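S.K.: Starting from these lines, generate the structure:
(chains A and B, ligands or ions: 5)
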There are 2 protein chains.
Amino acid sequence: MNPVNVILLSPADNVAVANGRIEQGTELPGGGTAADAIESGHKVAIKSIAAGEAVVKYGQAIGRATQDIAAGHHVHSHNLAFEAGTRLPAVPPSEAEHATKADQGRTFMGYRRADGRAGTRNFVGIIASVNCSATVCHAIADEANKRLLPNYPNIDGFVPIVHGQGCGMSATGDGMMVLHRTLAGYARHPNFGGMLMVGLGCEVNQLTLYGQKGVAAGKRHFNIQDAGGSRKSVEKAMGVLAEIAEEVGAYTREPIPLSEIVVGLQCGGSDGMSGITANPALGAAVDILAEVGGIGILSETTEIYGAEHLLAYRAASPEIAEKLDGHIKWWEAHVAKHGASIDNNPSPGNKRGGLTTILEKSLGAVAKGGKSPLNGVFGYAEKVSGHGLVFMDTPGYDPVSATGQVAGGANVIVFTTGRGSCFGSHPTPSIKVATNSTMYHAMEEDMDVNCGVIASGEKSIGEMGREIFELIVETASGRKTKSELFGYGDNEFVPWHLGATL
Amino acid sequence: MNPVNVILLSPADNVAVANGRIEQGTELPGGGTAADAIESGHKVAIKSIAAGEAVVKYGQAIGRATQDIAAGHHVHSHNLAFEAGTRLPAVPPSEAEHATKADQGRTFMGYRRADGRAGTRNFVGIIASVNCSATVCHAIADEANKRLLPNYPNIDGFVPIVHGQGCGMSATGDGMMVLHRTLAGYARHPNFGGMLMVGLGCEVNQLTLYGQKGVAAGKRHFNIQDAGGSRKSVEKAMGVLAEIAEEVGAYTREPIPLSEIVVGLQCGGSDGMSGITANPALGAAVDILAEVGGIGILSETTEIYGAEHLLAYRAASPEIAEKLDGHIKWWEAHVAKHGASIDNNPSPGNKRGGLTTILEKSLGAVAKGGKSPLNGVFGYAEKVSGHGLVFMDTPGYDPVSATGQVAGGANVIVFTTGRGSCFGSHPTPSIKVATNSTMYHAMEEDMDVNCGVIASGEKSIGEMGREIFELIVETASGRKTKSELFGYGDNEFVPWHLGATL
Ligand SMILES: [Ca+2]
Ligand SMILES: [Ca+2]
Ligand SMILES: [Ca+2]
Ligand SMILES: [Ca+2]
Ligand SMILES: [Ca+2]
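M.R.: Ligands and ions are numbered 1, 2, ... in the order given. The predicted structure is shown next:
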């Protein structure tokens, strides 16, 4: 099949994106033809745009025309500009992908937990309070998988949740607050049927900070120093886990409404196609999920930076918009304090690739969130609630961002990648979506979905959105992702590190 | 055996420390008797000390008498003070533990590497550039240990060196500089006979930053994205490792002078006995090691804070003292920037335990370094050189501190602990030294040495120093530590995290 010449990202757009270099005279959507040759990834006007009028891509204004642009002409820095701080013309919300009537009554096969939440996996977590108990947690998980797992076909596994933090830190600062919230979020995660938390004993992050309140049934705690050392800790854990396994092994999958699916949206190893194929397709899936009452968590604050006001336009209330703005301001101060910067302007490479303004660049990341209203804003690792699209403040770095989303309750992750990231996590399965067919075929054992078929014209963004949505439902019901089949997840718990290591 | 009544930490001292509560009339070293009842851990004058004269403990002035103190009396806040910033009277250096004539010609059985350095183990490292390749590095190590290791009896194992960093960070800041130095230090570590470095491909911390120059033979690099994904990376690695194993398997132990032993000094989970038993005993071992030309690396800047000028008095040159002072000033600015503080004053608990001044508290940590001159100061993960006692700037947090020392070339670690830390690392063996017999007996499977016998009077500090020294030599020659026997080391590589996660 020949690739399509141009991709129209939203019906409201007045520009389309060249999919490979197109020659003068190439037919465009809406009936016109290209007046210029247009390089791959660059924009072409599909309607005439008057000077001062908004240039619309992703159904959003990405800047204003600085001169009259006739249909068929190249749109880039010579005729499009955006001045930070100026207010862009509002664009009426464009059509989202819709759930069908049949979708409304649908269920997935999940695990109903004591706290009412729904799990998509039935793991037992072995959680370390501090790096000093990490090796013992691994040894406990290994031993339990050998000794206990064979007797409990309904348990997906005993998984170590270990990390580099937990001591040598201020007991009262941001760093400790974020670590505590993250570990507490994992401890009560619905994909854990039960868990055991193991400390050393003398660390800053004491196990006594993790009460039973609101935490999944079967939670247990102990310190290596109280158990008499490493080997005795493994033996002690086997006794506790034998009881926990009885509880966890009794869970079976049951029909649960799709509204209880909570999807963490990730992108990593982006390429020029991320914002054109995989991200909008994932956005279409999120629009369907939002209509059936599920939650999609958009994150990666450093990657949406510069387009946050366009996201704020979609906020369901002024409070939500203000909360988002508060996180942006926090980041500006945070990176300044560290002498770093959020790389927010299109780089020379981005410009050569056809990205004209910072809005356009960040909207490629925001596209994962689809077109529905923004219904909530949460801090890192905070428990998410509500339905539809929400935002969680996280860094863009994949394992740290995903860890925050999982702590917040994500029971499925969908991760788009152009270069080929192989991320997988415990206890939440991660669906990998390729932005292009070349990488998909080169790394097929790691990729679950190929959105390169959008560029080849085989599938539309909407069709791929539906496919991703169906794969989310199947994955939630137990279908294993490629990263689960390989065995990812023991090394990707990376809580956000804030504050000084002492 | 009955415990000794008081412990004299250095022959130059004019105070001794009560080992358990002693009653009035108890005999003291030097022939006097206790004029007061003295609580455990508190100080008693063993000579009369005039007002204004230095109170000497660890052979160092810890403050001045604020009134005349007669021999036999309790020395604490009521008659001892130190005002920060004031210059203390110089105390003549006290007698160190000595190497014997026979020690001078001794060797250990180690591995001589191509760059001339000496290894104490013969591992193959599988090093991740970024968290995104951590799981593949683990899978490679597991597969190599299964498929290759049985054919190479001289190889100690294939070990994954993985971490949470490598991307989502500024390419030019302190954070990246420190990570690069740390990974480069592991890549050329003499305990690795060979290594393979695996990246994802699109990370900030590119493998191309790690050249062949000065790096151990057998070094190889590749990216998962170039290899076609996770499983294919494991297969590719098996091919590379088959070649590396041929090289590494050919190394055998040979006699190497003791001067090539480089010991990282650690303490974690300290208790009231740390500064009285295990740390001075380790210091005695370091004094012997220094006399035979080996290196002892003292670190944990946050834990020696407040006593740094006493360490500076021992500096072999003014430049060394200035370099130490530079690190202290950096820390003061660093913690202030993060709204944290170095907890430098004796806490109410410390005071109840008998610690009067900040100097005294920090000198308990410095005691690990013994009494020889300070011959060098190094930045975190910098390659150490020279001989005798050197200092490396690290946080106090054990895994982060030890990671810096190993990157700097430590081929043995000695770790003192009162509460019972179980630390172990790859590729450097870690000897665990208990400060008290109760913990030693409770956690005997994790502890290599019991310094509680100093408090019981069974052994002197000097005798235990000799025992630790001999165990360092045996461990360097291949004797396995308790943490190696349990399997520590896959989770304790924790490079210092500096800068903002983006
Ligand atoms: Ca991204
Ligand atoms: Ca990302
Ligand atoms: Ca592991
Ligand atoms: Ca310590
Ligand atoms: Ca320490």
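
S.K.: What parts of chain A come near ligand 1?
M.R.: Taking Cβ under 5 Å from the ion as the contact definition, chain A meets ligand 1 at A:267, A:270, A:303. (C-beta placed from N, C-alpha, C; glycine too.)

S.K.: Can you give me the neighbour number for A:Ile328?
M.R.: The number of residues packed near A:Ile328 is 18, by other Cβ atoms under 10 Å in any protein chain shown.

S.K.: now do A:Gly32
M.R.: Residues lying near A:Gly32 (other Cβ under 10 Å) number 18.

S.K.: and if you look at the one 3 residues further on?
M.R.: Neighbour count for A:Ala35, taken as other Cβ under 10 Å: 17.

S.K.: same question, A:Leu498
M.R.: Neighbouring residues of A:Leu498 were enumerated by other Cβ under 10 Å; the total is 20.

S.K.: And the strands in the stretch 51-200 of chain A, which stretches?
M.R.: Per DSSP state E, counting those that start in this stretch, the stretch 51-200 of chain A has strands spanning A:54-57, A:60-65, A:74-75, A:80-81, A:107-112, A:118-119, A:123-128, A:157-161, A:192-199. These are given in chain order.

S.K.: Off-centre distance for the fifth one?
M.R.: Its chain's average C-alpha position is 21 Å from that of strand A:107-112, according to Cα atoms, centre = their mean, to the nearest Å.

S.K.: Show residues contacting it.
M.R.: By Cβ atoms under 8 Å, 6 or more residues apart in numbering or on different chains, the residues outside strand A:107-112 that reach it are A:118-122, A:190-191, A:193, A:251-258, A:260-261, A:411, A:473, A:476-478.

S.K.: How about the third one?
M.R.: By Cβ under 8 Å, 6+ apart, the residues outside strand A:74-75 that reach it are A:15, A:36, A:38, A:42-45, A:49, A:55, A:65, A:69, A:356.

S.K.: what's the helix or strand for A:Asn345?
M.R.: When elements are assigned from DSSP states H and E, A:Asn345 belongs to no helix and no strand.

S.K.: That one contacts A:Thr356, doesn't it?
M.R.: No: here A:Asn345 does not reach A:Thr356: they are 10.9 Å apart, not a contact under Cβ atoms under 8 Å.

S.K.: neighbour count winner among those two?
M.R.: A direct count of neighbours by other Cβ under 10 Å for A:Asn345 and A:Thr356 places A:Thr356 higher, at 25 against 15.

S.K.: in terms of contact, does that one touch A:Ser77 like I think?
M.R.: Yes: the pair A:Thr356 and A:Ser77 passes the contact test of Cβ under 8 Å, sitting 5.5 Å apart.

S.K.: list the contacts for the residue in the stretch 351-500 of chain A that ligand 1 sits nearest to?
M.R.: Taking Cβ to the ion, ligand 1 has its nearest neighbour within the stretch 351-500 of chain A at A:Gly396, 5.4 Å off. The contact partners of A:Gly396, by Cβ under 8 Å, 6+ apart, come to A:300-303, B:168, B:502.

S.K.: Please identify which pair of the residues you listed lies farthest apart.
M.R.: Farthest-apart pair in the contacts of A:Gly396 is A:Thr301 and B:Gly168; separation 11.6 Å (Cβ to Cβ).

S.K.: Give the residues shared as contacts by the two.
M.R.: Counting by Cβ under 8 Å, 6+ apart, the shared contacts of A:Thr301 and B:Gly168 are A:395-396.

S.K.: Which parts of the stretch 351-500 of chain A are strands?
M.R.: Per DSSP E, counting those that start in this stretch, the stretch 351-500 of chain A carries strands over the ranges A:374-378, A:388-392, A:412-417, A:430-434, A:449-450.

S.K.: Tell me what angle the second one forms with strand A:374-378.
M.R.: Between strand A:388-392 and strand A:374-378, the angle formed by their directions is 30 degrees, by axes from the mean of the first three to the mean of the last three Cα atoms, to 10 degrees.

S.K.: Relative to strand A:388-392, what are the paired strands and their orientations?
M.R.: For strand A:388-392, sheet partners with direction are given as strand A:295-298 (parallel), strand A:374-378 (parallel), following DSSP bridges.

S.K.: Please apply the same query to the third one.
M.R.: With DSSP bridges as the criterion, the sheet partners recorded for strand A:412-417 are strand A:262-267 (parallel), strand A:430-434 (parallel).

S.K.: so does stretch A:247-266 get close to ligand 2?
M.R.: No: Stretch A:247-266 stays out of contact with ligand 2 when judged by Cβ under 5 Å from the ion, the minimum separation being 5.9 Å.

S.K.: before we move on, back to that, just the buried members of the contacts of strand A:107-112?
M.R.: A:118-122, A:190-191, A:193, A:251, A:253, A:256-258, A:260-261, A:411, A:473, A:476, A:478 (16 or more other Cβ atoms under 10 Å in any protein chain shown).

S.K.: Just name the most buried of the strands paired with strand A:388-392.
M.R.: Across the strands paired with strand A:388-392, averaging neighbours per residue (mean count of other Cβ atoms under 10 Å in any protein chain shown) puts strand A:295-298 on top, at a mean of 28.

S.K.: hmm, back to that, using a markdown table, please lay out the strands of the stretch 51-200 of chain A together with mean pLDDT and distance to ligand 4.
M.R.: Formatted as a markdown table, the entries for these read as follows, by pLDDT from 0 to 100; distance: least, Cβ to the ion, whole Å:
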| stretch | mean pLDDT | distance to ligand 4 |
| --- | --- | --- |
| strand A:54-57 | 94 | 56 |
| strand A:60-65 | 92 | 54 |
| strand A:74-75 | 97 | 62 |
| strand A:80-81 | 94 | 57 |
| strand A:107-112 | 98 | 43 |
| strand A:118-119 | 98 | 41 |
| strand A:123-128 | 98 | 20 |
| strand A:157-161 | 98 | 26 |
| strand A:192-199 | 96 | 17 |
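
S.K.: can you put those strands in a markdown table and add distance to B:Ile127?
M.R.: As requested, those are exported to a markdown table (distance: least, Cβ to Cβ, whole Å):
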| stretch | distance to B:Ile127 |
| --- | --- |
| strand A:54-57 | 42 |
| strand A:60-65 | 42 |
| strand A:74-75 | 46 |
| strand A:80-81 | 45 |
| strand A:107-112 | 38 |
| strand A:118-119 | 35 |
| strand A:123-128 | 22 |
| strand A:157-161 | 21 |
| strand A:192-199 | 27 |
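
S.K.: Turn the ones you listed into TSV, including distance to ligand 2.
M.R.: Shown next, in TSV, are these (distance: least, Cβ to the ion, whole Å):
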stretch	distance to ligand 2
strand A:54-57	21
strand A:60-65	21
strand A:74-75	28
strand A:80-81	27
strand A:107-112	26
strand A:118-119	25
strand A:123-128	24
strand A:157-161	21
strand A:192-199	25
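
S.K.: Ok, which of those strands comes nearest ligand 5?
M.R.: The closest of these to ligand 5 is strand A:192-199. By Cβ to the ion, the value is 16.7 Å.

S.K.: Alpha carbons of that closest one, as PDB, please.
M.R.: Taking C-alpha atoms only, strand A:192-199 is exported to PDB below (Å, rounded to 0.1, in the frame of the first residue of the first chain):
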ATOM      1  CA  PHE A 192      -1.600  -6.400  44.400                       C
ATOM      2  CA  GLY A 193      -3.900  -8.900  46.000                       C
ATOM      3  CA  GLY A 194      -1.600  -8.600  49.000                       C
ATOM      4  CA  MET A 195       1.800  -7.300  50.000                       C
ATOM      5  CA  LEU A 196       4.700  -7.600  52.500                       C
ATOM      6  CA  MET A 197       6.800  -4.600  53.300                       C
ATOM      7  CA  VAL A 198      10.300  -5.200  54.500                       C
ATOM      8  CA  GLY A 199      12.600  -2.700  56.100                       C
END
